[in-house]
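Chemist: Coordinates for the following, if possible.
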Amino acid sequence: MKTQLQKGWDLFVAQGATTLFSNSNIFIIGLLLTPEQVGLYSIAERIMRTVASMVAPVSNALYPVSAKLFKKSNDVAIKYLKKFLFIGSLVFMLAGVGMVVFSNVIVLVMTGEENIEIQYLLLIMAFIPLSIYINNIYGTQIMLNLYLEKVFKYLIITNDISLPVLSYILTLNFNLWGASFSLLITEILLTVSMVVYVEFIKKQGFLGVLKK
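Modeler: This is a model prediction of the structure:
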C-alpha cells in the first residue's frame, strides 16, 4: 500500500489541485460581483461542463488500450492516440460550433427564458471542451504512460494556481467577461504547454528513453 501511494503521489496531488481550484472562478465572482452575476456565470459554465464531461468516458475507455500499447512501443501508441486526437478534436470542434450557433436555443432550454448575458458567456467558453480533450490526450494518455507524472503535476498545479490570480485581475476589470476569459486562457495555456512538451521530447528522440 505504501509503495502504491508513493507511486501515485504525483497524480494524486495533480488531481487534488484540480479539485481544489475547479470552482475558484465562481468563488472570485462571489467576492467581487453580485449574487445574480454569480448565477449567470454558473449557468454558462455548467452548460460548458456538461459538454466537457463527455471527455471522461472517452478517456476511461481509451486509457487501458493506450497503456497496453505503450508497453509494446511508444511510437505505435502515440500514432494510435493521434488518430483519436483527430477524431475527438473534430467532434468537440463541432460541439463548440454548435454551442456558438445555437447558444440562444441552449440557454432557452436550460433556463426557460432568453438571456443575452449567458449567451455571450457561453460563446466565450464554447471551445473549452475541445481544449480539455486535447490536453487529456497529451496529458493523461501520453504523459502519464511515459512516466512523466512529475512534469504533468507541475503543469497542472501551475495552471490551477494561475486561474484564481488571473480570474481576480480580469473579473475586477471586466466583470463576468473577464472571469470567462480567465478560464479560457488558462485551459488553452495548459493544453499548449502539454502539447509543446510532448512534441519537444518526441522531436528530440527521447521517447525511447522514457520506458521502464
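Chemist: The residue lying closest to S180 once chain neighbours are set aside and T186, how far apart?
Modeler: In space, and not counting its chain neighbours, S180 is closest to I124: 4.1 Å by CB to CB, 6 or more residues apart in numbering. (Each C-beta comes from the backbone N, C-alpha and C, glycine too.) Look at I124 and T186: by CB to CB, to the nearest Å, they are 13 Å apart.
Chemist: okay, these two: which has more neighbours?
Modeler: For I124 and T186, the more surrounded residue by other CB atoms under 10 Å is T186, and the numbers stand at 25 against 18.
Chemist: Spit out the contact partners of that one.
Modeler: Applying CB atoms under 8 Å, 6 or more residues apart in numbering, we find T186 in contact with 159, 162-163, 166.
Chemist: Lowest pLDDT pick from those residues?
Modeler: Within those, N159 has the lowest pLDDT, namely 91.
Chemist: And the lowest-mean-pLDDT helix or strand in the chain, what does it pack against?
Modeler: Here the helix or strand of the chain ranked lowest by mean pLDDT, DSSP states H and E is helix 2-7, holding a mean of 79. Packing partners of helix 2-7 (3 or more CB pairs under 8 Å, 6 or more residues apart in numbering; DSSP states H and E): none among the helices and strands.
Chemist: returning to that earlier point: help me confirm that the residue nearest to S180 comes into contact with L184.
Modeler: Yes. Between I124 and L184 there is a contact under CB atoms under 8 Å: 5.9 Å.
Chemist: Tell me which residue lies nearest the centroid of this protein.
Modeler: Centroid-nearest residue in the chain, with CA atoms, centre = their mean: I132, separated by 3.0 Å.
Chemist: I'd say it and V51 touch.
Modeler: No. Using CB under 8 Å, I132 is not in contact with V51; the gap is 9.4 Å.
Chemist: check contacts around M143.
Modeler: By CB under 8 Å, 6+ apart, the contact list for M143 reads 149, 151-152, 194, 197-198.
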